[in-house]
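Novice: Below is the sequence, then the predicted model.
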Amino acid sequence: MKHAKWLLLLAVGIVMVFPGCKKVNQAVTPGVNIASITEEIWSEPLMTGGKQPQTQIGDVHIYWQYDYYDPDLDPGPDQNGQYVDLCLVVKYVTYSPDYPIADAHLNIDQNQPDGRMPPGHYNFNDYLQTPFPDPYTCYFVIPVADLESISGWDCGESVWMLCHVAAGGVTAMAGDFHHPRGQAWWNDLQLTIDNPTGGHNGDDEYEDETAWGYDIYNSLYWFWEVMEEHAANKWGGVIPYTLGGTSPTTVDLWAGAGKNDPSKGTKVGTVTVWDGYEEGEGTKPIHYVYVRYDITLSPWVLLEVHFGADPTLQAMYERTNFAPGLLGNTYEGLPELTTFTGKMEYNQAWGNSFVVAAHAKVAIPPPPAQMEVGAPQQ
């Protein structure tokens with residue numbers, strides 16, 4: 001694939017143009033595979049109202065998501081088979097507290113819609129992830145093979161999207177506004193989508209990797225154990241935890257350990273899980289589960305963390321598909337930390353023994369800018 005081009009905004013509707021569909025060169029840290037990469041494609045306001053100007057109630061974010069790039073795999077007819085577990089993600093986010101999401105719908109097709117159509121019949125509704133991570137966020141996660149077979153998309157071709165959400169008693173959609181005489185109003189987006197660029201988007205400031213905290217030598221808690229598809233390519237795992245232990249549970253934080261192979265990864269630190277109580281606003285203390293990340297390998301740092309818990313590995317797979325953004329607790333834009341502690345309120349539905357998933361984006365910061373030394377003053 002040729003080197004990535006910058007996005008081009010065309011004048012026909014809202015059109016997004018991405019890199020070509022040939023193979024790309026991967027600039028990856030030697031010996032370490034990229035894992036759980038997300039590549040932002042576009043964001044667009046969610047607008048409500050049957051006449052212009054409409055009112056914005058949130059945003060739609062569209063991005064590629066994949067585990068890692070494996071140059072040894074067959075790229076396939078659309079040249080994207082080397083992006084392991086490649087999915088298109090469409091994320092709706094509405095404004096709190098006025099617009100809690102009641103329902104969401106998504107239609108993707110190569111033909112421009114001639115109306116809103118019944119949202120309950122949109123062709124990608126089944127890919128909505130439930131339960132929602134919070135009242136104002138929802139995701140559609142679409143494997144690339146399903147995107148191709150259902151929408152008819154091939155790399156480099158154009159699609160039309162109907163992004164519909166019912167929130168706070170109103171209907172909102174994203175894209176260009178239409179309201180022909182005698183018809184209901186709607187908004188639509190036209191996108192020309194190419195394959196991922198390799199996770200860099202033209203920004204080489206950081207050499208970053210995805211990391212999971214888990215016992216890489218205990219296959220009982222690998223993601224593979226419950227996955228029906230792509231099991232041989234999905235790496236990572238969870239941390240088994242039992243309440244009230246005599247000491248915290250600590251595991252290694254592995255970056256880029258493709259195929260759960262320690263030789264392919266880098267042990268950059270540890271993740272520690274424990275539980276305890278804090279005083280709440282009332283008289284009853286609140287029971288929390290704490291997750292601490294510690295970077296022990298210099299010069300690596302933390303840029304993002306995602307963590308969550310479920311009763312079992314199977315339950316976590318069904319709720320999240322092991323996508324970091326769906327785990328339930330997200331902290332992004334961290335200022336190059338070497339330690340971070342987060343907490344989540346204990347849910348009795350987890351039982352006394354449950355599993356915790358701890359994901360991070362870790363990076364080697366760029367070297368300091370070199371100062372230019374001028375000629376000595378006379």
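Specialist: Nice, thanks for sending it over.

Novice: What count of nearby residues applies to S149?
Specialist: Each residue near S149 was counted by other C-beta atoms under 10 Å, and the total is 10. In short, each C-beta sits where N, CA and C put it, glycine included.

Novice: Now do it against D114, distance only.
Specialist: S149 sits 23 Å away from D114, going by C-beta to C-beta, to the nearest Å.

Novice: quick one, domains of this protein?
Specialist: 8-192, 207-364 (automatic domain parsing).

Novice: how many neighbours does the residue lying closest to M47 once chain neighbours are set aside have?
Specialist: Take M47 and drop its neighbours on the chain: the residue closest to it by C-beta to C-beta, 6 or more residues apart in numbering is Q54, 3.8 Å away. Other residues within reach of Q54, judged by other C-beta under 10 Å, total 17.

Novice: What confidence value was assigned to the residue nearest the centre of the chain?
Specialist: Taking C-alpha atoms, centre = their mean, the centroid of the chain lies closest to G325, which sits 4.5 Å from it. If you check G325, the pLDDT there is 81.

Novice: Might one say that it is in contact with C138?
Specialist: No. Here G325 does not reach C138: they are 11.3 Å apart, not a contact under C-beta atoms under 8 Å.

Novice: joint contacts of these two?
Specialist: K91 (C-beta atoms under 8 Å, 6 or more residues apart in numbering).

Novice: so where is the chain shaky, pLDDT-wise?
Specialist: Along the chain, the model assigns pLDDT under 70 to residues 1-36, 198-207, 228-233, 246, 282, 367-378.

Novice: just the helices in it please.
Specialist: Taking DSSP state H to define them, one finds helices in the chain at 144-151, 313-320.

Novice: mind checking how far the last one is from the chain centre?
Specialist: Yep, that's helix 313-320 we're talking about. 16 Å (C-alpha atoms, centre = their mean, to the nearest Å).

Novice: Quick one: list the elements packing against it.
Specialist: strand 301-310, strand 353-364 (3 or more C-beta pairs under 8 Å, 6 or more residues apart in numbering; DSSP states H and E).

Novice: what comes up buried for that helix?
Specialist: L313, A315, M316, Y317, R319, T320 (16 or more other C-beta atoms under 10 Å).

Novice: what do you get for the first one?
Specialist: Judged by neighbour count (16+ other C-beta under 10 Å), helix 144-151 contains these buried residues: V144, L147, E148, S151.

Novice: will you turn those residues into a markdown table that also has distance to H287?
Specialist: A markdown table is the format used below for the buried residues of helix 144-151 (distance: C-beta to C-beta, whole Å):
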| residue | distance to H287 |
| --- | --- |
| V144 | 41 |
| L147 | 42 |
| E148 | 46 |
| S151 | 45 |
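
Novice: Columns distance to D98 on top of the helices of the chain, output as TSV?
Specialist: Compiled in TSV, the helices of the chain are given as follows (distance: least, C-beta to C-beta, whole Å):
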stretch	distance to D98
helix 144-151	32
helix 313-320	27
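
Novice: Could I get the buried residue list for stretch 250-268?
Specialist: So, applying 16+ other C-beta under 10 Å, buried residues of stretch 250-268: 251-260, 264-266, 268.

Novice: I figured T249 hits W274, correct?
Specialist: Yes. The pair T249 / W274 is scored as a contact, 7.1 Å apart, by C-beta under 8 Å.

Novice: returning to what we had before: would you list the helices and strands packed on helix 313-320 in TSV and tack on mean neighbour count and distance to G175?
Specialist: Formatted as TSV, the helices and strands packed on helix 313-320 follow (neighbours: other C-beta atoms under 10 Å; distance: least, C-beta to C-beta, whole Å):
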stretch	mean neighbour count	distance to G175
strand 301-310	23	29
strand 353-364	24	30
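
Novice: would you list the ones you listed in JSON lines and tack on distance to P77?
Specialist: Converted to JSON lines, those look like this (distance: least, C-beta to C-beta, whole Å):
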{"stretch": "strand 301-310", "distance to P77": "33"}
{"stretch": "strand 353-364", "distance to P77": "31"}
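
Novice: Quick check: which of these is nearest to V89?
Specialist: strand 301-310 (13.8 Å; C-beta to C-beta).

Novice: Distance across stretch 331-343, terminal residue to terminal residue?
Specialist: By C-alpha to C-alpha, to the nearest Å, the extent of stretch 331-343 from end to end equals 11 Å.
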